[in-house]
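S.K.: Fold the following.
(one chain, ligands or ions: 1)
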Amino acid sequence: MAVQYELIKRCSKTGARAGRLHTPHGTFDTPIFMPVGTQATVKAMSPHELKEMGAGIILSNTYHLYLRPGHELVAEAGGLHKFMNWDGGILTDSGGFQVFSLGPLRKITEEGVTFRSHIDGSKQFLSPERATEVQMALGADIIMAFDECVPYPADHDYARKSTERTTRWAERCKGAHTRADQALFGIVQGGMYKDLRSMSVRDLVSLDFPGYAIGGLSVGEPKDLMYEMLEHTVPLLPVNKPRYLMGVGTPDCLVEGVLHGIDMFDCVFPTRVARNGTVMTHQGRLVVKNAEYTRDFRPIDSDCGCYTCRNFSRAYIRHLLKTEEIFGLRLTTIHNLYFLIHFMKKMRQAIIEDRFLEFRAEFWSQYQK
Ligand SMILES: CCCSCc1cc(N)cc2c(=O)[nH]c(N)nc12
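M.R.: Residues are numbered from 1 along each chain as shown. Model (predicted):
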């Protein structure tokens, strides 16, 4: 099997677990945070810097790469790993989510989704088969089934019909997937309805995927509702397969996701907010661009071991951001990614030492959302 999950330690009191994910491009400790590199680059970061800070698996987007430069060109280059010179793990999303979130004009039918390119307005079409073919050409280690992310809010009838179609699409993706060196993950939907979440898990598990993503969350719902869906859904998934919570997240959501037994996370948040000067600390977010940091010669976070915190002050970083110096957003990006990658490592160690609940309590005692 291209991707295998190895359970190392389960927390004795919660769903939290420490594991390893074996892939064709390396073995990675879980829980893991996966930086997003939408267009075959984690913005402002070099592959060397990503490797140095401990990144293991990065994400790219089928929707964007299909439109530009085209999956055929990436295949001609030898696949994504060669094209972007990254020898770690790569996961690609299937494109459905981006079609729904980027394309204002789209038409969903049983066959697939017709949409307008956000680049040149050209009419495009993605089907489960096409999305799978594109991802096989891109060559990621883990690829995602083509799904519809049920919008929030959605009524029960819409959520049911959409989720049932996502399952039929998942079966078609499975039928079209012929690369033995890639793992195709199913994506659980069901909106905010426990009965539909159970139905989606039941139907996808019967198709026997090597891993399962939980989709349709982190789509604007209250965090407590996301946690309620996780509490219901994760225990229904196979223990010996990886669980991936899509689009999450911030440190608080990562802690609660790990609590419920999630192994893999991704989110554009840390890199996106870094570019406008918001950085993460153990006490919560800090907008280093603000005037209050003009003469603050301390590092962003004195407990952080990243290149940024070892070499530069808040005052200097604020100066770079205010003057729109490119180095400024590189420094904040380095910090935010390092912070989350190492936050996961600390959580994993706490699980292994069976003190995850103490870790969680300590986190919440310091963290201001
Ligand atoms: C590179 C981005 C990966 S995660 C994008 C994402 C994020 C969120 N929040 C939900 C979904 C979903 O339901 N389906 C799919 N394919 N993707 C989702």
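
S.K.: Could you give me the buried positions within stretch 286-298?
M.R.: 286, 288-289, 293, 296 (16 or more other CB atoms under 10 Å). C-beta here means a position set from N, CA and C on the backbone, and glycine is covered the same way.

S.K.: Which two of those residues have the greatest separation?
M.R.: Maximum pairwise distance among the buried residues of stretch 286-298 (CB to CB): 11.9 Å, between 289 and 296.

S.K.: Quickly list what's touching both of these two.
M.R.: residue 318 (CB atoms under 8 Å, 6 or more residues apart in numbering).

S.K.: circling back to that earlier point, just the ones in strands from the buried residues of stretch 286-298, please.
M.R.: Among these, the ones falling in strands (DSSP state E) are residue 286.

S.K.: Turn the buried residues of stretch 286-298 into CSV, columns for pLDDT and distance to the ligand.
M.R.: Listed next are the buried residues of stretch 286-298 as CSV, based on pLDDT from 0 to 100; distance: CB to the nearest ligand atom, whole Å:
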residue, pLDDT, distance to the ligand
286, 96, 25
288, 98, 26
289, 96, 26
293, 98, 31
296, 98, 34
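
S.K.: Which one of the buried residues of stretch 286-298 is nearest to residue 362?
M.R.: Nearest to residue 362 among the buried residues of stretch 286-298 is residue 286, at 19.3 Å by CB to CB.

S.K.: show me what contacts the closest residue to the closest one other than its chain neighbours?
M.R.: In this structure, residue 286 finds its nearest non-sequential neighbour in residue 279, 5.4 Å apart by CB to CB, 6 or more residues apart in numbering. Contact analysis of residue 279 by CB under 8 Å, 6+ apart lists 273, 285-288, 300-301, 332, 335-336, 339.

S.K.: what about 10 Å?
M.R.: Counting by CB atoms under 10 Å, 6 or more residues apart in numbering, residue 279 touches 270, 273, 285-289, 300-301, 304, 308-309, 314, 317, 331-333, 335-336, 339.

S.K.: which of those residues are buried?
M.R.: 270, 273, 285-286, 288-289, 300-301, 304, 308-309, 314, 317, 331-333, 335-336, 339.

S.K.: So which of those residues sit within strands?
M.R.: Among those, the residues falling in strands (DSSP E) are 285-286.

S.K.: Out of the buried residues of stretch 286-298, the closest to residue 211 would be?
M.R.: residue 286 (34.9 Å).

S.K.: so that closest one sits right up against residue 300, yeah?
M.R.: Yes: using CB atoms under 10 Å, residue 286 is in contact with residue 300, at 6.7 Å.

S.K.: quick one: common contacting residues for those two?
M.R.: Common contacts of residue 286 and residue 300 (CB under 10 Å, 6+ apart): 279-280, 293, 314.

S.K.: Identify the residues contacting the spatially most central residue of the chain.
M.R.: The centre of the chain sits closest to residue 266, judged by CA atoms, centre = their mean, with a distance of 1.8 Å. Under the criterion of CB under 10 Å, 6+ apart, the contact list for residue 266 reads 32-36, 57-59, 91, 93, 213, 218, 244-249.

S.K.: If we ignore the residues flanking it in sequence, what's nearest it?
M.R.: That would be residue 34: by CB to CB, 6+ apart, it lies 4.5 Å from residue 266.

S.K.: low pLDDT regions in this structure?
M.R.: Counting by pLDDT under 70, the ranges of the chain that qualify are 103-104.

S.K.: Please report how far residue 18 lies from residue 230.
M.R.: Using CB to CB, to the nearest Å, residue 18 is found at 18 Å from residue 230.

S.K.: Can you pull the residues of the stretch 251-369 of the chain lying near the ligand?
M.R.: Contact residues, the stretch 251-369 of the chain versus the ligand (CB under 6 Å from any ligand atom): residue 266.

S.K.: Tell me where the stretch 251-369 of the chain has helices.
M.R.: According to DSSP state H, counting those that start in this stretch, the stretch 251-369 of the chain carries its helices in the segments 251-259, 269-274, 307-311, 314-322, 326-352, 356-366.

S.K.: Please name the nearest non-neighbouring residue to residue 307.
M.R.: Here the residue nearest residue 307, using CB to CB, 6+ apart, is residue 334, at 5.4 Å.

S.K.: So what's the residue count around residue 175?
M.R.: Residue 175 has 11 neighbours, counted by other CB atoms under 10 Å.

S.K.: right, and it touches residue 133 too?
M.R.: No: counting by CB under 10 Å, residue 175 sits too far from residue 133 to count as a contact (11.7 Å).

S.K.: Buried residues, the helix or strand that contains residue 201. List them.
M.R.: With secondary structure defined by DSSP states H and E, residue 201 is part of helix 194-205. Across helix 194-205, burial judged by 16+ other CB under 10 Å covers 196-197, 199-201, 203-205.

S.K.: One more: stretch 96-112?
M.R.: Neighbour counts over stretch 96-112 (16+ other CB under 10 Å) mark 96-100, 102-103, 112 as buried.

S.K.: Next: stretch 42-60.
M.R.: Counting neighbours by 16+ other CB under 10 Å, one finds that the buried residues in stretch 42-60 are 42-45, 47, 49-50, 53-60.

S.K.: So what sits opposite the nearest residue to residue 285 once chain neighbours are set aside in the bridge?
M.R.: Nearest residue to residue 285 in three dimensions, chain neighbours excluded: residue 278, at 5.4 Å (CB to CB, 6+ apart). Per DSSP bridges, the residues bridged to residue 278 are residue 287.

S.K.: ok, residue 278 touching residue 270?
M.R.: Yes: the pair residue 278 / residue 270 is scored as a contact, 9.2 Å apart, by CB under 10 Å.
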